[in-house]
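# give me coordinates for this.
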Amino acid sequence: MNGHSFPDSPFQIELSFFHVIGELEKQAAGPESETSIRAKALLAEVENCPELIEGLTTAGQIEKNRDLIRRLLADYFPEALTTNEIKAVNLPYADLIFNHTARFKKILEAAGPEFSFNIRDFDEHQFYVLSCCIILNEFYGTSLDFARPLFYDIPTADGVIKHYRILYNADFLDILPTPRSLTLTPEDIDLLLNNYDDLDLWKSKFPKESWILRGFAIMTLYDATVENAVSILKEQLLGLNAGFEDKIQSIFRSIYRIPDIKVGFTLYNPEEDHFSIDTLGKHLESYIVQGNGEHEAHSLLCTSSYNCLIKKKQYYAISDVNELLAIDPEHRLGNYFHQQGINSFILAPVVKHGKLLGVLEIVSLRSKELNSINANKLQVVMPFMTDNIERVIVEMQNQVQAVIQEKYTAIHGSVYWKFREEAKQLILQQQDGKDYGLQEIVFPDVYPLYGQIDIKGSSDIRNTSVQQDLQLQVKTLATLLKQLSNLSYAEVLEELWNGNPSEGEDQPQYQHDFQAVLEQLREYLVELSFPLRAGTEQYITAYLVNEVHPLLQPLATDPRVQAYFKENDKEKGQFHLQRRKYEKTISTINNKLSDIIDRNQSIAQVLFPHYYERFKTDGIEHNLYIGASISPKLQFSLQRLYDLRLWQLQTLCEMEIAHHQLKEELPYPLDVTSLILVYNATIAIRFRMDEKRFDVDGSYNARFEIVKKRIDKAFIKDTTERITQSGKITIVYSNYTEEEEYLRYIRTLQSQMILDNDIEQFDIEDLQGVSGLKAIRVKIIHLV
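Numbering: from 1, shown residues only. Predicted coordinates:
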């Protein structure tokens, strides 16, 4: 019979009741009594069912003998307790369960027909190894403490999951070797102790079905749902306050039943591959990290422990440090633990959502007390520890983030690491009661890349839209005032006061009569017939709001006045229609272009991490800074710069092509121009605390910023032609090396049918403080 939950087992199952039948034979041989008579009667029935002794082999045999089995086990399943106890016949860790008590049956009925028994967090690996451990303890005199609480999670009829602790009574089980059983040496047993995870090793020492498990067991469940709730409560209450370390030591000493084991914790930083004690170091000692600060994980761990903890995120256990050092005298971790008097230890990775947060350390002064088998007892507490440690780390990250937000600003991911380290230093120094001045954030020797796509003629179109809106509003208002000016003052009062002004109440006092206002509006209409001057929009609007609208407020119930104010609504009114169309045009273009460059940035960051910022104005500008100081953990080379420059050129072409496809859908079909500024020298960028942004550092480096601000309005030398044109991309540079580099990029994009074959090259007029600039201009295909 295969009564296992898993396909492989070191046991052959022989479900037999020979222990119970043997006890009945003793009772039957005793003095005549009610007990002996009952025993003789049962034995008479058993004679007709020899399989109850020899072993049941099928589920059909169990069903056939169900009533007789129930009566054979009556002393172990008292009828008086059947509605109280949750009990059944079972084999340890298996799903062969029958002869349930009434309460057990009721629980299963509520769970429904689709429910199946599965021990929580119990897999085939554990089943096989723990079965082997039973054999080791029974036949080889080991005292392996592999016991840990086992639970069934069983739903109630209304879907509530209840948790039942499993207890096994194995007094009726015998373990017997077969001819296939192997004899183990002490060396074999020691090898197994240190290799819980090597299932193939365990199967080689305990081949499949090489031992016999004969008899039966009684499984008892008790409702541990409340205990689970208590564990959750403990998790919530556990905090990093006074006595934290003592509480943790006490918990683990109870679990392992070892009075003096110690517990430590080491934080892991996956981005830097560093160990440190800076988060929990004041509450739990670290047995891995030597001294304070951060240390590379590779320098503290050996290859095997690094692969186990960091890469595989699995327990790493050594049962005898002296034996380890005898085999590998240079074992770094073993030597460091030996120096601390530690002779056996378990290192358990603390993992949340697949991310390694740190390492929990259980250490003992004696060998063999901790090993790869009892390391599995940590499974009952690791969720509790993991959630608590995650909470502490998140709190630390929140504090760091708060400092960054307060002291700096929203920080780009490529340089976030440097701000994070500086914020952590501030927090740690403040925790120690020390003053700490934030160090300046500077990235030296970076290559700048600048590019822009400018919306051509946007200022003219905005002025035109303002002009048209104001003309419509002033004309409409003039017409309204002419209509209202025909009302006598008494008619205005009657309309305002419903013909019955109250004595003593203030009468409306007009600062200007309608005729004076009409005269001013006529002057504005004349002014609006010419190109808009700076400030015109502001002072006309101010006049309407402050001088004219108060005259209309007393007549607010007049339908004509209501219609005027309705058209003055900025969101829907006709007096702002052209400005809304302009703003929609600019925002649509900017959103489309920024979406493209932001999306492509994810690709560019893979080339090499670099600082990126972009700005929306009348178009899109962006700055890129790349260099070794941005990502010191990676190897920087000029090829990374060249790759990024090609990416920038290709992305700007993609943006302009996207605009061309979008143009016909715009309220105003505005064109755009594209420009790249090449700067071959490295500069330094510094975070300016006052403005919460990066800026070029130093007066020499400021030349780059000067060129950026002046170049887009520049002309070709000795002409009145702008260097930028719609449908073309302009590349500004200063020397032959840059020219050859970008001609290579252009040829690449020409081969991809992105750029046209015709290339323009020219000198640029001298700018204030800048001379000698040159440019390449190439037409972008698909824009005609």
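# confidence-wise, which helix or strand of this protein is lowest on average?
The helix or strand of the chain with the poorest confidence is helix 489-497; it has a mean of 49 (mean pLDDT, DSSP states H and E).
# show me what the longest helix anywhere in the chain is packed against.
If you go by DSSP state H, the chain has its longest helix at helix 577-607. If contacts are counted by 3 or more C-beta pairs under 8 Å, 6 or more residues apart in numbering; DSSP states H and E, helix 577-607 sits against strand 442-455, helix 458-485, strand 611-617, strand 619-626, helix 638-662. (Glycine included, C-beta is placed from N, CA and C.)
# could you name the helices and strands sitting against the shortest one?
To tie it back to what came earlier, the one meant is strand 611-617. helix 577-607, strand 619-626.
# now the longest one: buried residues?
Of the residues in helix 577-607, those buried by neighbour count under the rule 16 or more other C-beta atoms under 10 Å are 577-582, 585-586, 588-590, 592-594, 596-597, 600-601, 604-605, 607.
# related to what we said a few turns ago, got the helices and strands packed on strand 611-617 as TSV, with distance to Asn90 and mean pLDDT columns?
Putting the helices and strands packed on strand 611-617 into TSV (distance: least, C-beta to C-beta, whole Å; pLDDT from 0 to 100) gives the following:
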stretch	distance to Asn90	mean pLDDT
helix 577-607	55	93
strand 619-626	66	92
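# which residues sit against stretch 264-284?
Stretch 264-284 is contacted from outside by 240, 244-245, 248, 263, 285-289, 292-298, 300, 310, 350, 355-361, 363, 389, 392-393, 396, 417, 424, 428, 431, 633, using C-beta atoms under 8 Å, 6 or more residues apart in numbering.
# just give the closest residue to Gly573, not the sequence neighbours.
Glu567 (4.3 Å; C-beta to C-beta, 6 or more residues apart in numbering).
# check contacts around that neighbour.
473, 476, 573-575.
# so how far is Pro113 from it?
Per C-beta to C-beta, to the nearest Å, Glu567 is found 70 Å from Pro113.
# any idea how far Lys717 is from the closest residue to Lys456 other than its chain neighbours?
Residue nearest to Lys456 in three dimensions, not counting chain neighbours: Asp671, with 4.4 Å by C-beta to C-beta, 6+ apart. Note on Asp671: its distance to Lys717, by C-beta to C-beta, is 24 Å.
# low-confidence ranges in the stretch 651-784 of the chain?
Low-confidence segments of the stretch 651-784 of the chain (pLDDT under 70): 689-693, 697-702, 783-784.
# what about the strands in the stretch 251-400 of the chain?
262-269, 274-276, 294-296, 316-318, 344-352, 355-364 (DSSP state E, counting those that start in this stretch).
# buried deepest among these, which one?
Most buried of the strands of the stretch 251-400 of the chain, by mean neighbour count (mean count of other C-beta atoms under 10 Å): strand 316-318, with a mean of 25.
# dump the helices and strands packed on helix 577-607 into CSV; add mean neighbour count as well.
Output for the helices and strands packed on helix 577-607, formatted as CSV (neighbours: other C-beta atoms under 10 Å):
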stretch, mean neighbour count
strand 442-455, 20
helix 458-485, 18
strand 611-617, 15
strand 619-626, 23
helix 638-662, 18
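# is it possible to export the ones you listed to TSV including distance to Glu124?
Output for those, formatted as TSV (distance: least, C-beta to C-beta, whole Å):
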stretch	distance to Glu124
strand 442-455	53
helix 458-485	68
strand 611-617	49
strand 619-626	51
helix 638-662	48
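# so which of these is nearest Ser771?
Closest of the helices and strands packed on helix 577-607 to Ser771 is strand 442-455, at 18.8 Å (criterion: C-beta to C-beta).
# in the stretch 101-250 of the chain, where is pLDDT below threshold?
For the stretch 101-250 of the chain, the ranges with pLDDT under 70 are 226-247, 250.
# now swap in the stretch 401-550 of the chain and tell me
Applying pLDDT under 70 to the stretch 401-550 of the chain picks out residues 404-411, 486-513.
# recalculate using a threshold of 80.
In the predicted model of the stretch 401-550 of the chain, residues 401-414, 416-417, 429-433, 437-440, 485-515 satisfy pLDDT under 80.
# burial count for the residue nearest to Lys456?
For Asp671, the neighbour count with other C-beta atoms under 10 Å is 17.
# what are the phi and psi angles of it?
Note on Asp671: its backbone torsions stand at phi -90, psi 170 [degrees, to the nearest 10].
# which members of the contacts of Glu567 are the farthest-apart pair?
Farthest-apart pair in the contacts of Glu567 is Thr476 and Gly573; separation 10.4 Å (C-beta to C-beta).
# with respect to Phe762, which of the helices and strands packed on strand 611-617 lies nearest?
The nearest among those, by C-beta to C-beta, is strand 619-626 at 22.8 Å.
# just how off-centre is the closest one within its chain?
28 Å (C-alpha atoms, centre = their mean, to the nearest Å).
# what is it packed up against?
strand 442-455, helix 577-607, strand 611-617, helix 638-662.
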